[in-house]
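J.: here is a sequence with its predicted model. Questions after.
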Amino acid sequence: MIKAASDAAAAGMAVLREWLSVWLPSFLRAWLPAVLLPVLDYLEYVAQCIAESWILMCVTAILASFLMAMIMRSRRQSDNSKRIRKRDRIRRWVRLASERLRPRPKGQNRIRKRDRFLNAARTILRNLQGPRNAGQSELVPKAPPANLLDPAPSPDAEAFLPIEVRLTLNSLRMFNAVDGTFFSDLYKRAETVKLSKGEFLFRVGDLDDNMYMIQSGDIHLFMTNAQAPEEEPIILNKLTAGDALSSLLSAVDVLTGGESKFKTLNAKAMSDTAVIKIPLKSLESIIERHPQALRQFLQIITVRLQRVTFVALHRFLGLTKELVHQATLVGPPPPTVEAADLSSSSTAAQRKREVAAHFAGLLNIPELAESLIDSIVLENIPKGHVLIEQGSIDKDMYLLLSGKLQMTLKDNLHSSKKHYLMALKPGQVCGELAILSGIGSFLGVEAGTDSMVARLKRSAVLELLDKDQRVCKCLARMLLGYVSPLVRQVDFAVVWMHMEAGRKLYEQGDESLSAYIVLNGRLRDVVNRGGKKELVGEYGRHEVLGETEMLTGMPRSTTVHAVRDTELARIPKHVFDFIKRKHPQVMAYLMQTMGERLIGTVSGAKVVAAKNATSNLATIALIAASPNVPLARFATQLEAALKLMGTALCLNSHSVKLLTGRDPNAYLATNDIQLGEWLDNQEEEHDIVLLEADFGMSNWTKRCIREADCILVVGLASGTPAVSEVEQQLEALAGRAQKELVLLHEHDVK
C-alpha cells in the first residue's frame, strides 16, 4: 500500500512537470531547469512522505475508534446496572408534587425568584442613593398621648347622696332642662317597694301609671301572649341595680287624661329586690304649679321618641312600616272643600271658618276658633307634592280635607330612596311631631293623589302651645295615635344614655349584653395588647358599636370611652332577640349592614377607619389663643376651602342668634334643648360644621368645646409661645378631645 502511494505521488509529479513545460510562458521556460526542477523534486519527496504518513494516520484512527467503542460499551454496561426503574421515577415525581402542594407554616411563605431579584435591586438602589432627605429630619407618626387613651375616673361628686337619690337623678337626668324645682317636687313623691323572690312588680292588666328604678336585686321583664298562654314567655330585658323600668309614652297617656294598662308585659323579681316607685299621677299636680313644665316635659318625651326609639329601630334593625299604624279617627269628619270653592272669595272665607272650627275642635279649644281663621290657608296640592320634608323644622301643621297623603321615611337625609309607611285619611293631621318636639321631623309627608289640605301656620300653633295646656295634650294624644304597639313595647327596654366627656362606656373583657347607637357625640375605641394601649378607631354620629360581640356572645374586645358629651341609644340583647323572633327580616338587614361595613373597611371606604381618628370628624371648634388672632377671617377661609370637598357650615354666636332667634350665651349648654337639637340638625345636614368660639369662656365657647370632635387652637406664629389662659381652661374642659395647634404666618414669611 505504501509503495502504491509512492508511485502515485511520482506519477503526479511527472504530470506536473509536463504541464509546466507546455503552459509556462516563454520567458520562464529558461528558468525551468535551474530553479523549478529542484523545487519539483522536493515537492515530489514531500508528497511521498505525506502519502506514507496518511496511511499511518488512517490506521491509527481505526485503532483509536475501536478502543473508544470498547470503552463506551463498558460504561453503558455499568450505567445499566444502576438504572432507575420507571416506577421509582414516578414515585419521585409524586413526592415532589406533594411537597409543593403541602401548606407551608406561617412565616415561611415562599418568595418567588422574581421577587427576590426585585428586593435585591431595591436594596442596591437604596444603598447607591444614600439616606433619604439627607440633612432633614423625617416625620415619624407618633402615638397619641396616654391621657387620650385612658377614660376619666368615675365621678364621685354625687357619692354623698343616698342611693335612692342618685338612682332617681340618673334615671331622670334628661329632665334637667325642666324647671329647677321640678325634680325635687317629683322626688318627694317617690316611695320604696320591697319584693320577694318570685313576686311580680306588675302583670298584664295592671295600670301602667308608675316609673320604677331598681335599687337592689334583679327583675326580668317578659312578654306573654294572652291568646296563647301555653307559649313560653319571651324575655324582653333583664334589669339590675341602677336600671330604670318605665315608658315615657305611658306618662303621656297619664298627662293627656288617658288610661294605660299593661297588655303583654310582666315584671317579676328574680331575687329579693328593692324598687323606687314614682307615681305618674303626681306629675299632674306638679305641672299645675309649673305651667311651662308640661310643654318642656312633652318636648323631651317626643325628642326621645324620635331620636332614640325610632332611630334605634330604623337605623339598627331596618324597621319601617312596623313603626307606625293607622290611627282611629276621633270626632266628626272634616268639612268638604272643593277646588272650585277657592275661586270665590266669599265661599273660600266660609270654608276657612268651617275648617277653623274643625281645627279648634281637634285642639280642644272651640272658643278660640275665630282666632285661627287668619292663620289657615286652603291649598289644592297635586300628586307627588312634598308637604313636609324629612328633617325639616319650620313646617306648618296640615289637616287633610280630601284625597290621600303618604307618610315616607328615608334611610338618611341625603338618600333618594323612600319607604312608604302608611296613608293618611281625610280628617287626620300631620306635622304635629316636629312642632311639639321642636326638632327636625323624623318622617316626611307627600301627596299620594291630588288632595285638598288646610294649613295651620306654625307660628299660630306655637302661640297656642304657650297659652293653653290643652293644645299640648291634644297634639301629644294625636302623636300617640300613630305609634305602633311594637314601639310602645320596645320603649320599655331601649335606654337613652347621656355620657360626659371621658366617661367609660364599657371595658375590655366585660360581658356583651347590649349594642349601642351614637345619637350625638363621639366615642374612642382602645385595645390593650399586653399592657400597651393602642387606638383602634373612633365612632361618630349614627354609628353602631358592640353589635358583633352581642351577636356572637363574646366578651368585649376593646375599651370604649366618650371623647365629648355623647348621647347613646342602648339596645339590650333580649330586645334584639324579641324583635328578631317577631320580624325575622331584621337579621338579614343587620347582616347586610355588617357586611357592607366590613367590605368598606377592607376597601378603604369611609366607615369606621381603624387607626385613623380623623376619618369621620363632623364638628370642629375654632378657638383663638390670644385676642389679636383674626379668628373670623381664618374661619371664613377654612369654610371656603372645605366647601370645595363637600358641604360645610361655619357658625358663631352672632350667626346662631340670627338663624334661631335664641341667644346661645343666655343658656348653659346642658339646658337649651332646642338649640342643641338645632345644632344636631346642622351636623346631620352638613359634612363639616365649624364652631367659631368667642374669646373667653362664655356659654357659647363652652358649648363649642363640649360638642367638638376636634379642637383647633389658632395662634400667631409671631406671638409668644407661652400657654395662654384660654388654653389652660381648655385643657380642663376638654381633656379627652383631640386638640391641634394652628399657627398663622404673615404673607411675606419664607
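T.: Yep, that arrived.
J.: hmm, residue 301 is touching residue 252, no?
T.: Yes. Residue 301 is within contact range of residue 252, at 5.9 Å (criterion: Cβ atoms under 8 Å). For glycine as for every other residue, the C-beta is placed from the backbone atoms N, C-alpha and C.
J.: middle-most residue in this protein, spatially?
T.: residue 543 (3.8 Å; Cα atoms, centre = their mean).
J.: can you tell me the closest non-neighbouring residue to it?
T.: residue 518 (5.2 Å; Cβ to Cβ, 6 or more residues apart in numbering).
J.: and the one you found, backbone torsions?
T.: With angles defined as degrees, to the nearest 10, residue 518 sits at phi -80, psi 110.
J.: oh, and call the first residue 132 from now on, that's how I've got it
T.: With 132 as the first residue, the last one maps to residue 649.
J.: any idea how many residues pack against it?
T.: Applying other Cβ atoms under 10 Å, we find 20 residues neighbouring residue 649.
J.: list the beta-bridge partners for it.
T.: Taking DSSP bridges as the rule, residue 649 bridges to residue 699.
J.: read off the pLDDT value for it.
T.: pLDDT recorded at residue 649 is 89.
J.: correct me, but it touches residue 669?
T.: No. Judged on Cβ under 8 Å, residue 649 makes no contact with residue 669 at a distance of 9.9 Å.
J.: residue ranges in the stretch 232-381 of the chain under the pLDDT threshold?
T.: In the predicted model, the stretch 232-381 of the chain carries pLDDT under 70 at residues 232-245, 247-248, 252, 255-278, 283-315, 357-361.
J.: switch to 50 and redo it
T.: By pLDDT under 50, the low-scoring segments of the stretch 232-381 of the chain are 238, 265-267, 288, 291.
J.: again, but for the chain
T.: 238, 265-267, 288, 291, 733-742, 800-801.
J.: let me see the contact set for the residue nearest to residue 674.
T.: Each residue near residue 649 by Cβ atoms under 8 Å, 6 or more residues apart in numbering is listed here: 670, 671, 672, 673, 674, 675, 676, 697, 698, 699.
J.: likewise for residue 566?
T.: 526, 528, 589, 592, 593, 596, 606.
J.: so residue 673, which state does it fall into?
T.: When classified by DSSP: H, G, I helix; E, B strand; the rest coil, residue 673 comes out as coil.
J.: excluding sequence neighbours, find me the nearest residue to it.
T.: Leaving aside its chain neighbours, residue 673 sits nearest to residue 446 (6.0 Å; criterion: Cβ to Cβ, 6+ apart).
J.: tell me how many other residues crowd the one you found.
T.: Residue 446: 18 neighbours (other Cβ under 10 Å).
J.: now do residue 508
T.: Using other Cβ under 10 Å, residue 508 has 14 other residues around it.
J.: touching, it and residue 591? I think so.
T.: No. When contacts are counted by Cβ under 8 Å, residue 508 is not listed as touching residue 591 (10.9 Å).
J.: buried ones in stretch 319-335, by neighbour count?
T.: 321, 326, 332, 333 (16 or more other Cβ atoms under 10 Å).
J.: beta partners for the residue lying closest to the second one once chain neighbours are set aside?
T.: Once flanking residues are discounted, residue 326 sits nearest to residue 400: 4.0 Å by Cβ to Cβ, 6+ apart. Per DSSP bridges, the residues bridged to residue 400 are residue 350.
J.: how far away is residue 400 from residue 197?
T.: 115 Å (Cβ to Cβ, to the nearest Å).
J.: quick check: residue 864 touching residue 835?
T.: No. Here residue 864 lies out of contact with residue 835, judged by Cβ under 8 Å, at a distance of 10.0 Å.
J.: surely residue 192 is within a strand?
T.: No. Counting by three-state DSSP, one finds residue 192 to be helix, located in no strand.
J.: could you count how many residues lie near it?
T.: Residue 192 has 10 nearby residues by other Cβ under 10 Å.
J.: over to the one 4 residues further on?
T.: Applying other Cβ under 10 Å, we find 10 other residues in the vicinity of residue 196.
J.: can you give me phi and psi for it?
T.: phi -60, psi -40.
J.: cool, and residue 533?
T.: phi -160, psi 160.
J.: contacting residues around it?
T.: Contacts of residue 533 by Cβ under 8 Å, 6+ apart are 467, 468, 557, 582, 583.
J.: now the phi/psi pair for the closest residue to the fourth one other than its chain neighbours, please.
T.: Of all residues not flanking residue 582 in the chain, residue 534 sits nearest, at 2.5 Å (Cβ to Cβ, 6+ apart). The phi and psi values for residue 534, taken as degrees, to the nearest 10, are phi 100, psi -150.
J.: I'd like the contacts of residue 533 as TSV, with distance to residue 202 appended.
T.: As requested, these are exported to TSV (distance: Cβ to Cβ, whole Å):
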residue	distance to residue 202
467	125
468	123
557	117
582	113
583	118
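J.: out of these, which is nearest to residue 657?
T.: residue 582 (54.4 Å; Cβ to Cβ).
J.: how about that closest one, what does it touch?
T.: 511, 512, 514, 531, 532, 533, 534, 535, 536.
J.: what's the closest of these to residue 565?
T.: Nearest to residue 565 among these, counting by Cβ to Cβ, is residue 536 at 15.1 Å.
J.: quick one: contacts for the nearest residue to the closest one once chain neighbours are set aside?
T.: Of all residues not flanking residue 536 in the chain, residue 555 sits nearest, at 4.1 Å (Cβ to Cβ, 6+ apart). Each residue near residue 555 by Cβ under 8 Å, 6+ apart is listed here: 531, 535, 536, 537, 538, 561, 576.
J.: looking at these, which is nearest residue 724?
T.: Relative to residue 724, the closest of these is residue 538; by Cβ to Cβ it sits at 23.5 Å.
J.: circling back to that earlier point, select only the buried ones of the contacts of residue 566 in ChimeraX?
T.: To isolate the buried ones among the contacts of residue 566 in ChimeraX, judged by 16+ other Cβ under 10 Å, type:
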select :526,528,589,592,596,606
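J.: quick one: residue 652 from residue 634, how far?
T.: 11 Å.
J.: I'd say residue 666 and residue 689 touch.
T.: No. Under the criterion of Cβ under 8 Å, residue 666 makes no contact with residue 689, lying 10.0 Å away.
J.: which residues do the two both contact?
T.: With Cβ under 8 Å, 6+ apart, residue 666 and residue 689 have common neighbours 656, 657.
J.: still on that earlier bit, and the contacts of residue 649, which are buried?
T.: 670, 671, 672, 674, 675, 676, 697, 698, 699.
J.: pipe those residues into TSV and attach distance to residue 407 per row.
T.: Shown next, in TSV, are those (distance: Cβ to Cβ, whole Å):
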residue	distance to residue 407
670	33
671	35
672	33
674	34
675	32
676	31
697	26
698	24
699	23
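J.: tell me which of the residues you listed is nearest to residue 660?
T.: residue 676 (19.2 Å).
J.: kindly state the beta-bridge partners for the closest one.
T.: residue 647.
J.: would you mind measuring from it to residue 814?
T.: 19 Å.
J.: follow-up on the earlier one: verify the stated contact: the residue nearest to residue 673 with residue 648.
T.: Yes. Using Cβ under 8 Å, residue 446 is in contact with residue 648, at 6.4 Å.
J.: so how far is stretch 642-658 off the chain centroid?
T.: Chain-centre distance of stretch 642-658: 11 Å, with Cα atoms, centre = their mean, to the nearest Å.
J.: could I get the buried residue list for that stretch?
T.: 643-657.
J.: that older thread, of all the contacts of residue 649, which comes closest to residue 376?
T.: residue 699 (18.6 Å).
J.: for the contacts of residue 555, which one is nearest residue 662?
T.: Among the contacts of residue 555, and counting by Cβ to Cβ, the member closest to residue 662 is residue 538, at 54.1 Å.
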